[in-house]
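1. turn this into a model:
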Amino acid sequence: MAQAQGAQDLEDLLRELRKAADGNGPKVSVQEIMDAVGHRSFGPLLLLAGLLGMTPVSAVPGVPSMIALITLLVASQLLIGRDTFWLPRFLLKRTVKADKLQKTVHVAARPARVVDRMVKPRLQVLTGPVADRIVALVCVILALAVPPLEFLPFVAFIPSAAIATFGLGLIARDGLLVLIAFTISAGALGFGAYQLFW
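-> Below you'll find the model as predicted:
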């Protein structure tokens with residue numbers, strides 16, 4: 001499969017995921033999803049990881065931690081300045097059921113149309129190169145927080161929402177979304193710490 005150039009909005013990302021789910025048999029590997037989304041696409045990869053963490057795919061035990069590991073690896077590589085993203089072979093070979101991915105895309109399709117009409121380039125100082133590194137650092141922290149939160153019902157949804165919002169903000173160059181994502185991140189980490197330690 002040819003590598004994608006990177007989704008331009010949420011509907012575009014879902015379209016690429018639908019192609020991956022429809023064209024690769026009963027299971028879809030992480031490699032096939034990466035090929036569909038693009039290996040240079042930090043925003044779309046973040047958005048994808050966040051969305052998958054918020055949908056039925058994440059109900060499978062261990063999947064939230066796998067998504068968190070992918071997020072951690074991608075965000076770490078952006079943080080050190082890499083232009084393309086590398087994942088180890090054992091992760092690239094992991095699969096999800098195509099029907100679960102199709103269901104995820106179907107559920108997200110209508111909200112995606114609404115969201116895409118609302119986002120636009122603004123506060124672009126929060127989507128430049130320096131901001132990208134700060135976003136990457138926060139995503140590393142969020143990814144590290146997901147595995148322990150996986151044992152708490154529905155709590156891992158919150159960092160996934162923050163990661164997805166960061167991704168969409170970077171795709172659309174919408175600094176307001178990035179600012180919202182920082183707020184969600186602070187809430188996720190605070191709430192997670194409260195649940196785990198009090």
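
2. which element is residue 16 on?
-> Under the criterion of DSSP states H and E, residue 16 resides in helix 10-22.

3. state the distance from the residue nearest the centre of the chain to residue 90.
-> Taking Cα atoms, centre = their mean, the centroid of the chain lies closest to residue 49, which sits 2.5 Å from it. Here residue 49 is placed at a distance of 17 Å from residue 90 (Cβ to Cβ, to the nearest Å). All C-beta spots, glycine's among them, are computed from the backbone N, C-alpha and C.

4. before we move on, what about residue 166?
-> Taken as Cβ to Cβ, the span from residue 166 to residue 90 is 26 Å.

5. again with residue 155
-> Taking Cβ to Cβ, one finds residue 155 at 27 Å from residue 90.

6. tell me which stretches of this protein form helices.
-> Using DSSP state H, the helices of the chain run over 10-22, 30-37, 42-52, 63-79, 89-92, 98-118, 129-149, 157-172, 175-197.

7. so can I have JSON lines of those showing mean pLDDT?
-> Putting those into JSON lines (pLDDT from 0 to 100) gives the following:
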{"stretch": "helix 10-22", "mean pLDDT": "83"}
{"stretch": "helix 30-37", "mean pLDDT": "82"}
{"stretch": "helix 42-52", "mean pLDDT": "82"}
{"stretch": "helix 63-79", "mean pLDDT": "86"}
{"stretch": "helix 89-92", "mean pLDDT": "85"}
{"stretch": "helix 98-118", "mean pLDDT": "82"}
{"stretch": "helix 129-149", "mean pLDDT": "88"}
{"stretch": "helix 157-172", "mean pLDDT": "88"}
{"stretch": "helix 175-197", "mean pLDDT": "85"}
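
8. can you count the residues close to the nearest residue to residue 175 once chain neighbours are set aside?
-> Nearest non-adjacent residue to residue 175, counting by Cβ to Cβ, 6 or more residues apart in numbering: residue 123, 2.7 Å away. Neighbours of residue 123 under the rule other Cβ atoms under 10 Å: 15.
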